[in-house]
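> this one's structure only:
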């Protein structure tokens, strides 16, 4: 039996491409997916389920200097006692969060989305 000297990399190339792409894969956010409180998205922040959007600080974050809790984009004297700990974000919240993400490459000139680090978050 004569052996071929050519190396066939078609299948191997497809497999390795899929594996490499899988290592960097970041699923898109969706209004059809439910997210729990404090689901974190780099650049967009933390998901607040009762308010159906992302904010820069975690849900019910306590600041001892202010003696207040952060949720829904504002500071309060008491923590939020909502029973909602999982919800579907609004379409507008998903669009804004996707735009602000810093964990995915945007292509073009090799830049990443800068997102934002200040402000109270996305309001639905």
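Here it is on my side, so go on. The structure displayed is predicted, hence computed values, not measured ones.

> every contact and neighbour count from this point should use C-alpha atoms.
Will do.

> ok, and for stretch 63-74, which residues are buried?
By 16 or more other CA atoms under 10 Å, the buried positions in stretch 63-74 come out as 68-73.

> which stretch of helix or strand covers residue 59?
Using DSSP states H and E, residue 59 sits in no helix or strand.

> excluding covalently adjacent residues, which one is nearest to it?
residue 71 (5.1 Å; CA to CA, 6 or more residues apart in numbering).

> residue contacts, that neighbour?
For residue 71, the contact set (CA atoms under 8 Å, 6 or more residues apart in numbering) comprises 48, 57-61, 79-80.

> can you check residue 88 too?
Applying CA under 8 Å, 6+ apart, the residues near residue 88 are 31-35, 49, 52.

> report how many residues lie close to the nearest residue to it once chain neighbours are set aside.
Excluding the flanking residues, the one nearest residue 88 by CA to CA, 6+ apart is residue 34, at 4.4 Å. Neighbour count of residue 34, defined by other CA atoms under 10 Å: 13.
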